[in-house]
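1. After the sequence you'll find the predicted model.
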Amino acid sequence: MRKALLTTVSAGAMLAAGPALAADMVSVGVGGYMQQWFGVSGVDATDKDGKATAVEGGVAQQSDSEIHFRGKLEADNGLTFSVKVELEGNSRASGKNGKSDSPIDESQLTISSEFGQIVLGAEDGASVLTHHGNRDVGISMLCGDVGKWINGVSGCPSGSKMGFGTAGHGVVGDSNKISYFTPRMNGVQAGVSYVPNTGQEGENAPLGNNDHDAVSLGANYVGDFGGASVAVSAGFFSASQTIKKPDTVKTYGSDGTAAEATLALEKAYPAKKIDERTFANFGLTVDFGGIGFDVAYAENDGGLYKMADDKEVKNGAADYEVVSAGVNYTEGPMAVSLGHYMAEDDDGSESNATMLSLSYTLAPGVVSRSSLFAAEQSKGTDKTSAEGTAFVTGITLSF
């Protein structure tokens with residue numbers, strides 16, 4: 001992975017050659033978005049014995065908003081410098097376990113020239129930014145949006161938990177990284193990101209010999225074929241991983257399923273992750289006039305564990321696949337979309353979601369959006385399940 005870092009730094013040195021002679025300093029403007037939603041959901045859930053649980057739905061009003069500070073400077077030597085800082089409008093004063101949630105989502109510096117772009121800071125990786133996937137016009141199914149309304153259904157996929165979304169936001173994340181993107185040539189653009197520490201996001205962290213570093217690769221093609229607009233993408237993410245010395249760890253059977261009991265281990269003989277976890281995705285979108293189609297696929301491999309007796313096993317719950325397909329139609333200010341997601345773990349867990357959405361542009365940057373959707377999830381490890389339906393409507397503003 002460090003070779004990727006050296007290659008990216010070398011490209012950055014080429015881009016930055018020569019002094020910046022612009023007379024003005026970087027000027028910063030304000031932008032962002034606000035989303036206000038109102039909806040209702042009904043949820044049914046069961047435990048491993050098939051009994052109903054306390055998971056419920058109801059009526060809710062939810063919000064999502066960010067303020068973006070953006071600045072740009074075009075230097076006389078041909079280089080362009082730009083900055084972006086995203087301020088969360090709905091962060092909580094106290095997060096999980098009493099920890100404060102950071103109000104900053106992403107912050108980055110970009111250096112651009114005819115040779116491409118270097119991006120430094122907390123930003124999505126190349127495999128995420130180059131991906132083309134589901135294009136819902138309502139609340140979206142990209143990550144955790146379904147789970148916000150239907151309790152018991154996982155949202156954004158992570159390294160050990162499946163969910164809806166094929167870009168990999170929950171896997172690659174906004175960890176501090178250095179990325180390089182090529183110029184788009186004949187419709188093709190490629191990118192590479194190096195993450196020194198996957199646990200570092202928007203803050204400084206102690207150096208740890210890069211035991212948790214990662215590389216993210218992505219490429220796409222955007223062009224026209226016989227009157228159709230086509231975009232195709234492919235991405236790959238690989239992360240080093242270790243595990244802390246636990247007092248107890250779960251044991252896993254040879255078939256990858258989790259055993260009900262846990263095995264007490266001496267601290268000198270902990271379970272260890274002995275190889276890298278990987279995430280790969282693929283996406284395709286095709287548009288004919290106002291009609292569009294999309295299909296996407298993602299696969300996560302959680303890696304191998306070595307137990308105290310040197311036995312190598314897999315955690316099936318960390319290996320999953322996600323598939324999505326959708327169709328959309330746009331006519332003037334109105335758009336409608338229908339999409340479906342399917343996800344499956346190697347341990348037998350399954351998730352499905354179907355969403356019908358409608359949007360209407362009320363004014364420049366102001367859009368009314370509504371979604372009717374159903375989702376379900378069953379967990380193969382403990383046989384629990386949850387399913388529900390919801391209707392959500394709201395207004396989104398971009399500024």
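-> Noted; the coordinates are in hand. Numbers count the residues shown, from 1 in each chain.

2. which strands and helices sit next to the host helix or strand of residue 358?
-> In the assignment (DSSP states H and E), residue 358 maps to strand 350-363. With contacts defined as 3 or more C-beta pairs under 8 Å, 6 or more residues apart in numbering; DSSP states H and E, the packing partners of strand 350-363 are strand 334-345, strand 366-378. Heads up, the C-betas are built off the backbone N, CA and C, glycines and all.

3. Which residues lie in contact with the nearest residue to residue 184 once chain neighbours are set aside in this structure?
-> Using C-beta to C-beta, 6 or more residues apart in numbering and skipping the chain neighbours, the partner closest in space to residue 184 is residue 222 (7.5 Å). Residues counted as contacts of residue 222 (C-beta atoms under 8 Å, 6 or more residues apart in numbering) are 184, 187, 189, 229-231.

4. Give me the contacts around the strand holding residue 358.
-> Under C-beta under 8 Å, 6+ apart, the answer for strand 350-363 is 136-139, 141, 146, 153-154, 162-164, 333-344, 367-378, 380, 395.

5. Buried ones among these?
-> With burial judged by 16 or more other C-beta atoms under 10 Å, the buried subset of the contacts of strand 350-363 is 136-139, 141, 146, 153-154, 162-164, 335-337, 339-341, 343-344, 367, 369-378, 380.

6. Okay, buried residues for the longest strand along the chain please.
-> Counting residues, the longest strand in the chain under DSSP state E turns out to be strand 27-46. By 16+ other C-beta under 10 Å, the buried positions in strand 27-46 come out as 32, 34-35, 37, 39, 41, 43-46.

7. That strand packs against which elements?
-> Looks like strand 27-46 contacts strand 58-74, strand 80-88, strand 385-398 (3+ C-beta pairs under 8 Å, 6+ apart).

8. mind putting the ones you listed in JSON lines, mean pLDDT and distance to residue 303 included?
-> JSON lines is the format used below for the helices and strands packed on strand 27-46 (pLDDT from 0 to 100; distance: least, C-beta to C-beta, whole Å):
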{"stretch": "strand 58-74", "mean pLDDT": "94", "distance to residue 303": "33"}
{"stretch": "strand 80-88", "mean pLDDT": "94", "distance to residue 303": "31"}
{"stretch": "strand 385-398", "mean pLDDT": "93", "distance to residue 303": "27"}
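
9. low-scoring stretches of the stretch 101-250 of the chain, by residue?
-> Along the stretch 101-250 of the chain, segments meeting pLDDT under 70 span 101-102, 143-144, 155-161, 202, 243-250.

10. State the distance from the residue most central in space within the chain to residue 37.
-> Among the residues of the chain, the one closest to the centroid is residue 169, at 1.0 Å (C-alpha atoms, centre = their mean). Distance, residue 169 to residue 37, by C-beta to C-beta, to the nearest Å: 19 Å.

11. contacting residues around stretch 288-296?
-> The contact list for stretch 288-296 (C-beta under 8 Å, 6+ apart) reads 131-135, 166, 227-228, 281-287, 323-331, 339.

12. again, 10 Å this time
-> 131-136, 165-167, 226-229, 231, 233, 281-287, 322-332, 334-335, 337, 339, 341 (C-beta atoms under 10 Å, 6 or more residues apart in numbering).

13. Now which of those residues would you call buried?
-> The neighbour-count test (16+ other C-beta under 10 Å) marks 131-136, 165-167, 231, 233, 281-285, 287, 322, 324-326, 328, 330, 335, 337, 339, 341 as buried among the contacts of stretch 288-296.

14. Between the helices and strands packed on strand 350-363, which one is closest to residue 194.
-> strand 334-345 (28.5 Å; C-beta to C-beta).

15. Using CSV, write down the CA coordinates of the closest one.
-> Output in CSV follows, covering the C-alpha atoms of strand 334-345 (Å, rounded to 0.1, in the frame of the first residue of the first chain):
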residue,chain,number,x,y,z
MET,A,334,-41.1,15.9,-12.8
ALA,A,335,-39.2,12.7,-12.3
VAL,A,336,-40.2,9.2,-11.1
SER,A,337,-38.0,6.2,-10.2
LEU,A,338,-38.4,2.6,-9.1
GLY,A,339,-35.5,0.7,-7.6
HIS,A,340,-34.8,-2.5,-5.8
TYR,A,341,-31.9,-3.7,-3.6
MET,A,342,-31.0,-7.2,-2.5
ALA,A,343,-28.3,-8.1,0.0
GLU,A,344,-27.1,-11.4,1.4
ASP,A,345,-24.5,-12.5,3.9
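
16. what inclination does it have with respect to strand 350-363?
-> 160 degrees (axes from the mean of the first three to the mean of the last three C-alpha atoms, to 10 degrees).

17. quick revisit: just the ones in strands from the buried ones among the contacts of stretch 288-296, please.
-> Per DSSP E, the buried ones among the contacts of stretch 288-296 map to strands at 231, 233, 281-285, 287, 322, 324-326, 328, 330, 335, 337, 339, 341.
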